[in-house]
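Visitor: show me how the following folds:
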Amino acid sequence: MRSKDLIGFFNIAVVIGVLGAISYAAISLQPEEYDPETLCLAGETPPHVVVMIDRTEVIYTPAQADQIRQTIVNARNGLAIGERLSVYELNHRGEIRNTNRFSVCNPGRGDQINPLYRNPQRVQARYEALFDRPLDLALEGLFDLIESPITPLLESLAELTTRPEFDPTVPRRRIVLISDMFQNTRLYTVYSPTRQDLRNRLPAPDQVAQAIRNEYGDGLRGLELDVYYVDQPGWNAEERTLIRAHWQAVFRELGVRDRWTEF
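Guide: Residues are numbered from 1 along each chain as shown. Purely as a prediction, here's the structure:
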């Protein structure tokens with residue numbers, strides 16, 4: 001074979017290799033598909049943080065409201081790219097409401113991406129338009145007082161874990177619960193007038209936990225829970241300590257890893 005033929009074959013091989021590399025890059029570097037409503041990667045289950053705000057007759061002072069807003073901002077800022085944040089409220093009917101339908105995956109801030117591959121300014125603008133400002137909108141009016149005949153705190157936590165986007169198959173599930181922690185349902189109530197002292201009004205934690213498992217299953221097991229315990233007028237320090245200790249015992253029975261911050 002002549003040298004010119006060898007060079008020709010070599011050139012053809014190089015061209016084929018280059019075209020193959022270009023085709024591979026075009027396929028492999030295509031942007032991943034996102035759900036247009038949640039901004040989450042299609043077909044994936046991201047880690048999920050839920051902020052739940054108790055609005056059932058809880059009085060939030062302006063200082064507490066500011067602290068709560070900062071708490072939610074901190075939860076937002078702690079998200080990695082692709083992790084999901086949802087805001088729910090426990091409303092006047094004792095129902096969990098997805099506030100302003102805010103349940104969105106973090107599309108990435110400008111300081112979270114590699115500037116060699118993407119424009120930080122454009123990424124930040126997208127983040128603010130699709131994630132930051134909608135969250136601010138979802139928080140408007142959430143700290144106003146509303147009247148409610150019931151406060152199903154434990155039931156609401158358990159019900160959330162039955163939803164596909166927050167069931168035990170979801171990695172690194174966490175709830176940020178903002179509440180005075182005054183349970184008030186048929187399961188039990190801190191307001192019962194039948195006994196004089198609070199200590200005797202609180203049922204056995206193992207019985208409470210079993211009732212929840214019977215109704216909702218064991219979906220709370222393994223959950224991380226950050227409780228922001230809001231002080232309310234009319235309850236003394238001893239009563240608040242008893243309520244907190246009772247909740248902690250119930251959470252232990254249910255396999256919940258709880259952390260507490262008092263407002």
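Visitor: going forward, measure contacts and count neighbours with C-alpha atoms only.
Guide: Noted.
Visitor: who's in contact with the residue lying closest to R244 once chain neighbours are set aside?
Guide: Once flanking residues are discounted, R244 sits nearest to M181: 7.9 Å by Cα to Cα, 6 or more residues apart in numbering. Listed by Cα atoms under 8 Å, 6 or more residues apart in numbering, the contact set of M181 reads L153, Y229, V230, I243, R244.
Visitor: the same query, at a cut-off of 10 Å, please.
Guide: Neighbouring residues of M181 by Cα atoms under 10 Å, 6 or more residues apart in numbering: 54, 58, 151-154, 190, 227-231, 240, 243-244, 247.
Visitor: looking at those residues, which gets the smallest pLDDT?
Guide: The member of the contacts of M181 with the lowest pLDDT is V58, at 82.
Visitor: ok so, going back, the residue nearest to R244 belongs to a helix?
Guide: No: checked against DSSP: H, G, I helix; E, B strand; the rest coil, M181 lies outside a helix; its state is coil.
Visitor: in strands, which of the contacts of M181 appear?
Guide: The strands, defined by DSSP state E, take in D54, V227, Y228, Y229 from the contacts of M181.
Visitor: identify, from those residues, the entry nearest to W235.
Guide: For the ones in strands among the contacts of M181, the closest approach to W235 (Cα to Cα) belongs to Y229, at 12.8 Å.
Visitor: need the helix or strand of this structure with the lowest average pLDDT.
Guide: helix 3-28 (a mean of 47; mean pLDDT, DSSP states H and E).
Visitor: and the strand ranked longest in the chain, what does it pack against?
Guide: The longest strand of the chain (DSSP E) is strand 96-105. Counting contacts by 3 or more Cα pairs under 10 Å, 6 or more residues apart in numbering; DSSP states H and E, strand 96-105 packs against strand 48-54, strand 84-90, helix 133-139, helix 153-160.
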